[in-house]
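Asks: Would you be able to build a 3D model of this:
(chains A and B)
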Amino acid sequence: MGDAIRLIEVKEEILSDNIKQADEVRERLRKTKTMLVNLMSSPGSGKTSLILRTVEGLRDSVRLGVIEADIDSTVDAEKVAARGIPAIQLRTGGFCHLDATMVTQGIDAMAVEQLDLLIVENVGNLVCPAEFDTGAHKNVMILSIPEGDDKPLKYPLMFSICDLLLVNKIDYLSLSDFDMAALKKRVLALNPQITILEVSCKTGAGIEKWIDWLNKEVDTFGRDEGGV
Amino acid sequence: MHELPITESILKIVLRHAEGQSVRKVVTIRLQIGRLSDLEDEWIQRYFDYLSKDTIAEGAKLKIERTPVMMQCSACGASYEAQTARIGKLACPACGAGGGTLLSGREYYIKEMEVQ
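Replies: Here you go, the predicted model:
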């Protein structure tokens, strides 16, 4: 054959290993009727506060577990576990995102068959987590008022892959020039199917709508064995 | 930011496809990456050069074709290309409606490779 150049067709997804692993996670949790929610946002936008509010809101209706992936810290999982909720801390060691293999490790360490809902707190970052399927059945993101209404322009992929957007820290609205109507228009242009809820984890405003959404989704997921 | 895991996957897939094909050297790898991705071409190549040392893919050039962001209008169904710089002001050129469903722009795909 010598040094002649030959063509080899590859035709393969670069992230095929992760996609396969993510599908396995979804299938495995469908069998145990555990809905997996991937929670994403920038650092400091209120993921842990939201989880603590969620623990309170779902206490009587849903068996909840939490996988935390904050970079190399056990503070978050301890806060959640202190409220009597099963929680696992993944040591992502500086990784910028979670992938399905890391989520699998978290699931292996939990009694998922006893859970109706598992929330994964992804690494605080609006870029990388959007690219890696975690195996979640629903993707949720938080945007907080101090971050600004222009974020959909800078991180379009993140806004386009989420099922629900929580606009947090609405108690700051009167102090800022955040334009809620402009934000909603920008987000809906990228993702017409997305649900947008306004909340404040600090005051508790709007949290009941988030809890309603979770209750409904968990209920639908539990009934519909073959569904998404 | 996550060029490293992406590049690891590229190398792994390339080496697997080269197996049993009596490949002495991988010369070019053609990728399709969607314009919505934040990956920097230059960094993918740098990471690849680093990871592929002492493999048959060492020195291979990555040729990256960026696939456009295509939207389908939710009002009239027409499909159109969205410029990433204007992503907040998307409007359908056919009917003027804002918003739509993403058809492409998220690709991470290895098309083919040239080998010796």
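Asks: Run through chain A and note the low-pLDDT ranges.
Replies: For chain A, the stretches with pLDDT under 70 are A:1-2, A:70-75, A:225-228.
Asks: Confirm residue A:102 sits in a helix?
Replies: Yes: remark: residue A:102 belongs to a helix, assigned using DSSP: H, G, I helix; E, B strand; the rest coil.
Asks: Touching the helix ranked longest in chain B from outside, list them.
Replies: Using DSSP state H, we find that the single longest helix of chain B is helix B:3-18. If you take CB atoms under 8 Å, 6 or more residues apart in numbering or on different chains as the criterion, helix B:3-18 is touched by A:8, A:10, A:12, A:14-18, A:99, B:26, B:29, B:31, B:39-40, B:43-44, B:47-48, B:51-52, B:55-57, B:60, B:62, B:108, B:110, B:113, B:115. The C-beta positions use only the backbone N, C-alpha and C, and glycine is treated the same way.
Asks: which residues touch the closest residue to residue A:151 other than its chain neighbours?
Replies: Excluding the flanking residues, the one nearest residue A:151 by CB to CB, 6 or more residues apart in numbering or on different chains is residue A:143, at 5.7 Å. Shown in contact with residue A:143 (CB under 8 Å, 6+ apart): A:41-42, A:45, A:151, A:165-168, A:183.
Asks: in which helix or strand would I find residue A:143?
Replies: For residue A:143, the element it lies in under DSSP states H and E is strand A:138-144.
Asks: what's the following helix or strand after that strand?
Replies: helix A:151-154.
Asks: So which bits of the longest helix of chain B are buried?
Replies: B:3, B:5-7, B:9-11, B:13-14, B:17-18 (16 or more other CB atoms under 10 Å in any protein chain shown).
Asks: about what we covered before: go ahead and produce CSV holding the CA coordinates of the strand holding residue A:143.
Replies: This file holds the C-alpha atoms of strand A:138-144, laid out as CSV (Å, rounded to 0.1, in the frame of the first residue of the first chain):
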residue,chain,number,x,y,z
LYS,A,138,-35.5,16.9,33.0
ASN,A,139,-33.0,19.7,32.7
VAL,A,140,-33.5,22.7,34.9
MET,A,141,-31.5,25.9,35.1
ILE,A,142,-31.4,28.9,37.5
LEU,A,143,-30.6,32.4,36.4
SER,A,144,-30.4,35.0,39.1
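Asks: gap between residue A:171 and chain B?
Replies: 26 Å (CB to the nearest CB, to the nearest Å).
Asks: For that residue, the count of nearby residues, please.
Replies: 15 (other CB atoms under 10 Å in any protein chain shown).
Asks: Quick check: phi and psi at it.
Replies: phi -70, psi -10 (degrees, to the nearest 10).
Asks: In this structure it contacts residue A:205, no?
Replies: Yes: here residue A:171 lies in contact with residue A:205, judged by CB atoms under 8 Å, at a distance of 7.0 Å.
Asks: what about burial for the contacts of helix B:3-18, which qualify?
Replies: Looks like those have A:10, A:12, A:14-15, A:17-18, A:99, B:26, B:29, B:31, B:39, B:44, B:47-48, B:51-52, B:56-57, B:60, B:62, B:108, B:110, B:113, B:115 buried, using 16+ other CB under 10 Å.
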